[in-house]
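Engineer: what follows is a predicted protein model with its sequence.
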Amino acid sequence: MADHTISRRRLLSTAGATGLALGAAGSAAGYAVASSGSSDGSGGAGAALTTLGADEVMFHGKHQPGITTPVQSRGHLVAFDLAAGSGRKEAAALLRRWSTAAGQLMAGKPVDGAGPDTDIARDAGPSALTVTFGFGHSFFGRTGLEKQRPAALDPLPDFSSDHLDKARSNGDLWVQIGANDPLVAFHALRALQRLARPAAKVRWQMNGFNRSPGATARPMTTRNLMGQIDGTNNPQPSDDDFNQRIFVPGRPDGTDPLWMADGSYVVVRRIRMLLDDWEELSTRAQEEVIGRRKSDGAPLTGGTETTEMELEKTVRDGRSGRDELVVPLNAHARISRPDQNGGAAMLRRPFSYHDGFDAKGEPDAGLLFVCWQANPLQGFVPVQRKLDRGDALSAFIRHEASGLFAVPGGAAAGEYVGQRLLEG
Ligand SMILES: C=CC1=C(C)c2cc3[nH]c(cc4nc(cc5[nH]c(cc1n2)c(C)c5CCC(=O)O)C(CCC(=O)O)=C4C)c(C)c3C=C
Ligand SMILES: [Fe+2]
């Protein structure tokens with residue numbers, strides 16, 4: 001996380017009054033320093049860009065950006081299919097174009113690979129933009145690279161509660177864009193879509209959001225559209241087994257092909273929330289569905305958000321006179337735990353979405369569930385199998401689209417993402 005992010009705020013503040021360094025940083029980054037004077041103290045001529053626009057994430061690195069990067073307030077998930085006649089050569093050229101553009105975009109620079117820059121992000125800083133690329137199962141057949149297809153990309157099993165739309169699922173290539181500014185995010189989306197031509201075209205696209213940084217008095221875990229604090233018990237980079245759980249080893253042990261070194265597998269699910277039904281429940285009933293308090297995310301057994309859940313704690317039920325578990329057996333946060341799933345764990349990094357209201361007036365809204373793991377068979381799959389069988393939350397959600405993608409390690413300077421696969 002920290003190794004990817006440098007704060008331009010810090011860069012600009014240490015540049016001090018020299019002007020030269022500030023100007024150099026500003027022009028190298030391709031964003032303008034505010035030039036309009038103001039008499040109300042809100043920012044005068046030459047005021048530095050010191051808000052969240054200045055945050056920059058590095059494109060080159062061991063892992064691709066957008067995995068351990070703090071989740072941004074705006075996200076675009078896009079799948080592309082290679083065009084008829086496009087094979088390995090065209091795919092390699094596309095990944096090269098995309099990687100060059102991603103590096104420019106993440107540095108806040110204009111992109112000119114598909115004609116002049118659109119100017120959509122002009123005046124803005126990089127705003128913590130990240131661009132992440134992945135390969136779907138179908139990519140390998142299209143490019144004659146079947147032998148390089150990881151076993152971990154085998155299609156996910158069917159789950160009994162699935163209502164999947166095939167047209168909005170899977171795809172040859174996957175791109176995740178995240179930024180803390182909607183114009184910066186759309187600028188990247190448009191640039192990458194233009195650069196895809198004529199090799200590939202959009203198969204599906206989903207737009208998501210999270211809370212804006214600075215919207216709360218202190219940094220907090222974000223809330224989802226059911227109003228719950230969501231993300232509390234994610235694996236932390238400081239955990240001893242974090243890398244082992246989330247990333248393919250730097251020297252794959254034979255389970256994964258070499259080109260997946262330092263990569264990860266991402267499962268993407270568009271999960272609609274049945275909000276009209278959910279909002280009929282009392283707060284207490286909603287809390288029992290999850291097993292945590294809505295107000296502060298603490299387990300129902302007490303404490304604060306980070307207090308360990310007491311799975312065996314009981315309370316005497318006034319009506320039946322029996323001792324009942326405080327956290328019900330089918331509570332979502334109980335049954336999704338690693339210790340209830342043979343150690344299976346994943347890094348959840350979702351965006352909320354809202355695509356308007358349907359003919360019945362119900363919101364088409366929910367979670368673009370994005371989770372990362374070294375192996376989906378030791379992450380998403382066993383947990384979703386368990387949830388599919390008996391999650392109290394199931395009555396209030398519907399899985400509508402699904403994707404599984406292999407996300408290779410980060411590109412070194414001068415390299416493009418996937419080069420070891422496409423030129424190996
Ligand atoms: C298969 C994996 C999971 C799906 C699909 C999923 C959907 C989903 N989850 C919420 C809300 C919450 N989930 C919480 C915890 C949690 N969820 C999963 C997995 C899936 N969730 C895991 C592994 C965990 C962590 C369990 C643990 O170790 O404690 C929580 C509690 C707070 C937290 O830890 O984040 C909430 C709230 C929704 C709304 C949803 C689908 C729309
Ligand atoms: Fe969950």
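Structural biologist: Structure received. Ligands and ions are numbered 1, 2, ... in the order given.

Engineer: list, one by one, the residues from the protein near ligand 1.
Structural biologist: 224, 226, 228, 230-233, 269, 271, 273, 290, 292, 332-333, 336-338, 366-367, 369, 380, 383-384, 387, 397 (CB under 6 Å from any ligand atom). Just so you know, the C-beta spots here come from the backbone N, C-alpha and C atoms, and that holds for glycine as well.

Engineer: got phi/psi on Ile229?
Structural biologist: Ile229 adopts backbone torsions of phi -70, psi 120, taken as degrees, to the nearest 10.

Engineer: let me know the pLDDT of Leu367.
Structural biologist: Looking at Leu367, its pLDDT stands at 98.

Engineer: tell me if I'm right that it and Ser352 touch.
Structural biologist: Yes. Leu367 is within contact range of Ser352, at 6.1 Å (criterion: CB atoms under 8 Å).

Engineer: can you check which residues contact both of the two?
Structural biologist: Overlap of the contact sets of Leu367 and Ser352 (by CB atoms under 8 Å, 6 or more residues apart in numbering) consists of 224-225.

Engineer: what about Phe133, distance to ligand 1?
Structural biologist: 23 Å (CB to the nearest ligand atom, to the nearest Å).

Engineer: and if you look at Phe80?
Structural biologist: 24 Å.

Engineer: check Asp81 too.
Structural biologist: From Asp81 to ligand 1 the distance is 25 Å (CB to the nearest ligand atom).

Engineer: please, where are all the helices along the stretch 201-350 of the chain?
Structural biologist: 242-246, 275-278, 283-290, 332-335 (DSSP state H, counting those that start in this stretch).

Engineer: neighbours of the nearest residue to Asn224 once chain neighbours are set aside, how many?
Structural biologist: Excluding its sequence neighbours, the residue lying closest to Asn224 (CB to CB, 6 or more residues apart in numbering) is Asp230, at 4.3 Å. The tally of other residues near Asp230 (other CB atoms under 10 Å) stands at 21.

Engineer: hey, where'd the helices end up in the stretch 1-150 of the chain?
Structural biologist: 8-15, 20-29, 88-106, 137-142.

Engineer: by mean pLDDT, show me the worst of those.
Structural biologist: helix 20-29 (a mean of 26).

Engineer: Gly254: neighbouring residues, count only.
Structural biologist: Gly254: 7 neighbours (other CB under 10 Å).

Engineer: rewinding a little: can I get the helices of the stretch 201-350 of the chain in TSV with mean pLDDT and mean neighbour count?
Structural biologist: As requested, the helices of the stretch 201-350 of the chain are arranged in TSV below (pLDDT from 0 to 100; neighbours: other CB atoms under 10 Å):
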stretch	mean pLDDT	mean neighbour count
helix 242-246	98	19
helix 275-278	98	15
helix 283-290	98	17
helix 332-335	98	21
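
Engineer: tabulate those helices in CSV, adding columns for distance to Leu82.
Structural biologist: CSV is the format used below for the helices of the stretch 201-350 of the chain (distance: least, CB to CB, whole Å):
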stretch, distance to Leu82
helix 242-246, 28
helix 275-278, 37
helix 283-290, 41
helix 332-335, 38
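
Engineer: show me the shaky parts of this structure.
Structural biologist: Residue ranges of the chain with pLDDT under 70: 1-50.

Engineer: now do the strands in it.
Structural biologist: Assigned by DSSP state E, the chain shows strands spanning 5-7, 55-57, 74-82, 130-136, 173-179, 200-209, 264-273, 314-316, 323-325, 347-348, 351-357, 363-373, 397-407.
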